[in-house]
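1. how would this look folded up:
(one chain, ligands or ions: 1)
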Amino acid sequence: MNSLTNKKVLVTGGAGFIGSHLVDRIIQENPSDIHVVDNFFLGEEENLEDAHKMRPDLEVFRLDASDLAAMRDLVEEKAIEVVFNLAVIPLPTSLKYPVWTVNVNIGLALTFCELARTNSIETLIHSSSSEAYGSAKTIPMNEDHPMNPKTPYAASKLAGDELVLSYIRTFGIDAAVVRPFNNYGPRQNPGRYAGIIPIVVKKLKKNEPIEIFGDGEQTRDYIFVKETADAFVKVYQNNASRGKVLNIATGKEITINDLVAKLLEILGKQDHPVFHSEDRIGDVRRHCGGVDLAKDLIGFQPHVMPEQGLLETALWYQERL
Ligand SMILES: NC(=O)c1ccc[n+]([C@@H]2O[C@H](COP(=O)([O-])OP(=O)(O)OC[C@H]3O[C@@H](n4cnc5c(N)ncnc54)[C@H](O)[C@@H]3O)[C@@H](O)[C@H]2O)c1
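-> Next up is the predicted model:
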């Protein structure tokens, strides 16, 4: 078992959704230093307010984490030992700017592989995405499921994972790949790239009908973001994760129709109008993660029921949107 206590830790994308929850979770482990690199493409200072209160020494560097020279200077100056690499350009951007998105996302993986290869950092925990699988051919989707990324974003995530795995095989870097399925929770960007939950809360507030893309029978495996943050820490702690890709999911799938209905029920708005529109380009049909490997190797047990997490999330958005 490894411990983050007294370690010098860097989280890229730490002002983002999952990254900021991971920063909060890592602080509980008492690292000697914790720093964030974020270029604020989607990140928010506000996401790190709790972290700054808990750790006034937390430093946030507004830098491009795909810039190898800048990252080398930073990790060497701060003597960083462990990097959690969560920075990403998101899927919708890849539909409009595919070349840029792919270049940045691959660069993000490659930068920290290189820093591990040259011993500038000890350990890399890299974030993948379940999008790398594409639509499910078998349910649940285990780590040996065929890889059929549908979008340039998904392909860039898969390429990043393969780079990390190749550096492990070729150069023996100490690294693991975490592959989260769909997350929900406070701090998910409610703007242009929003998930379905903030969209529903926003539509309710404006008293506008809720749009569901396609027939709504597409499924997702939604995991509460704090569970995912905990999983990243467990992956670091357990050496059994090294050299592996680990799904982080609940193992339960829910249709978008059922999710929207559940949300409306929790908020007492069962009669609110919902309509269906065209399928969204690149949307995968079914998604449900197989989590046996994470259970075996890192003792992962997601225990937050979707209802509880949904309510906490919906209330968070209600206050802000
Ligand atoms: N949100 C999900 O449901 C989900 C699902 C599967 C995988 N993931 C993965 O989890 C990780 C975090 O995703 P998220 O949902 O928190 O995304 P997010 O967009 O909320 O956070 C990503 C952060 O990275 C920052 N960033 C982007 N490019 C950067 C760069 N070049 N340098 C420095 N910072 C940069 C953004 O400003 C943002 O704060 C990503 O690797 C993503 O692929 C997320």
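2. what residues does the stretch 1-150 of the chain put near the ligand?
-> 12-13, 15-19, 37-43, 64-66, 86-90, 104, 108, 127, 129-130 (C-beta under 6 Å from any ligand atom). All C-beta atoms are positioned from the backbone trio N, CA, C, and that covers glycine.
3. change it to 8 Å
-> Taking C-beta under 8 Å from any ligand atom, the part of the stretch 1-150 of the chain that reaches the ligand is made up of 12-20, 37-44, 47, 63-67, 85-90, 104-105, 107-108, 127-131.
4. from those residues, list just the buried residues.
-> For those, a burial check counting by 16 or more other C-beta atoms under 10 Å picks out 12-20, 37-39, 42-44, 47, 63-67, 85-90, 104-105, 107-108, 127-131.
5. any idea how far the residue of the chain found nearest the ligand is from residue 86?
-> Nearest residue of the chain to the ligand, counting by C-beta to the nearest ligand atom: residue 16, 2.1 Å away. Distance, residue 16 to residue 86, by C-beta to C-beta, to the nearest Å: 7 Å.
6. most residues in a single strand of this structure, which one?
-> In the chain, assigned by DSSP state E, the strand with the most residues is strand 174-180.
7. what is the mean pLDDT for it?
-> Mean pLDDT, strand 174-180: 98.
8. next SSE after that strand?
-> Downstream of strand 174-180, the first helix or strand assigned by DSSP states H and E is strand 183-184.
9. adjacent strands (with direction) for that following strand?
-> If you go by DSSP bridges, strand 183-184 pairs up with strand 223-224 (parallel).
10. how confident was the prediction at residue 285?
-> Reported pLDDT for residue 285: 84.
11. and the longest strand of the chain, is it in reach of the ligand?
-> Yes: counting by C-beta under 8 Å from any ligand atom, the ligand has neighbours in strand 174-180: 179, 180.
12. contacts for that strand?
-> Residues from elsewhere that reach strand 174-180, judged by C-beta atoms under 8 Å, 6 or more residues apart in numbering: 18, 113, 116, 122-130, 132, 143, 161, 164-165, 167-168, 223, 228, 231-232, 235-236, 241-249, 289.
13. quick revisit: mind checking which of the buried ones among the residues of the stretch 1-150 of the chain next to the ligand are in strands?
-> Using DSSP E, the members of these that fall within strands are 12, 37, 85, 127.
14. give me the nearest residue to the last one, chain neighbours excluded.
-> Same thing as residue 127. Leaving aside its sequence neighbours, residue 127 sits nearest to residue 86 (C-beta to C-beta, 6 or more residues apart in numbering; 4.6 Å).
15. relative to residue 111, how far out is that neighbour?
-> Applying C-beta to C-beta, the value for residue 86 to residue 111 is 13 Å.
16. with residue 76 instead?
-> Using C-beta to C-beta, residue 76 is found at 13 Å from residue 111.
17. who's more crowded, those two?
-> residue 111 (25 against 13; other C-beta atoms under 10 Å).
18. my read: the more buried one touches residue 67, true?
-> Yes: applying C-beta atoms under 8 Å as the test, residue 111 and residue 67 come out as touching, 7.2 Å apart.
19. all the strands of this protein, in order from the start?
-> Using DSSP E, the strands of the chain run over residues 8-12, 33-37, 59-61, 82-85, 123-127, 174-180, 183-184, 210-213, 219-220, 223-224, 245-248, 254-255, 274-277.
20. do a quick rundown of the helices in this protein.
-> Using DSSP state H, the helices of the chain run over residues 17-27, 49-54, 68-77, 91-96, 98-117, 152-171, 196-206, 225-237, 256-266, 292-298, 306-320.
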